Every structure is written in structure tokens, then in C-alpha cells.
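In: coords please:
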Amino acid sequence: MNESNGYAVFFFPQALEALGEAIKPYLSESPAGPHIVCKEIDTGGALIEMTLQGVTAEGKTVQLELMVPGSMVRMIVSSQNDGSFGFGPRLTPSPIATPDSGVTG
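Out: Numbering: from 1, shown residues only. Here you go, the predicted structure:
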């Protein structure tokens, strides 16, 4: 199993509307929609606790904790270290043709 590189947390549209301007600084955009990129996540209670890495205006790295009700979250996606995170078609390598494989091309 690959080690997790973080998480993308997607919200229901109504949740984003309810959270309003307060959530916007933490959102990232992708073809799949707005989401929050988290380093760690805890789903063990009524609130989903997300640990985020941030950078201050002075360039100092900070760690933030953001908590929202679990009912606001539509989906959580784990990002793995073995590849880049994203949404799109997965490309699989074509078989290598060898004299005994019967594969041509």
C-alpha cells in the first residue's frame, strides 16, 4: 500500500453556499470542482477535522485546523505518493511486443 500524500475534501454545493466567504480562502479549484487540500483528516466525530498547511504573507509555514459538520462533505479523495493527484483518464502502458508473446505492434 502506498503512503497517503494528503486528501481532497469535496463539499455539497449547499454547504459551500452556507459557509460563504469564510471557506473561500481554503478552496482549490479542479475540473472536478472546488475542494480543500488537507494534510491530515479525522472523520471520527460529528465534525470532520482537516489539518491544512498554509503560508503567511511573510512566507512562514503554518498549520491550520478546519472543522466542518460531516453532513457538508460530499466526498474525500486520498492522494498517493506514487503519482500526481488529479482527475482524468488513467493511461495504461500497452504490452511490449516480444517474439514469443504473440503481441504485435
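
In: can you give me phi and psi for residue 60?
Out: phi -80, psi 130 (degrees, to the nearest 10).

In: So what does the residue nearest to residue 27 when sequence neighbours are not counted look like in phi/psi?
Out: Nearest non-adjacent residue to residue 27, counting by C-beta to C-beta, 6 or more residues apart in numbering: residue 34, 4.5 Å away. In short, each C-beta sits where N, CA and C put it, glycine included. Backbone torsions of residue 34, given as degrees, to the nearest 10, read phi -70, psi 140.

In: How about the one 3 residues further on?
Out: The phi/psi pair for residue 37 (degrees, to the nearest 10) reads phi -90, psi 120.

In: how about the closest residue to it other than its chain neighbours, what does it touch?
Out: Distances taken as C-beta to C-beta, 6+ apart place residue 28 nearest to residue 37, at 5.4 Å, with adjacent residues excluded. By C-beta atoms under 8 Å, 6 or more residues apart in numbering, the contact list for residue 28 reads 8, 34, 35, 36, 37.

In: check which helix or strand covers the fourth one.
Out: Which is residue 36. strand 35-38 (DSSP states H and E).
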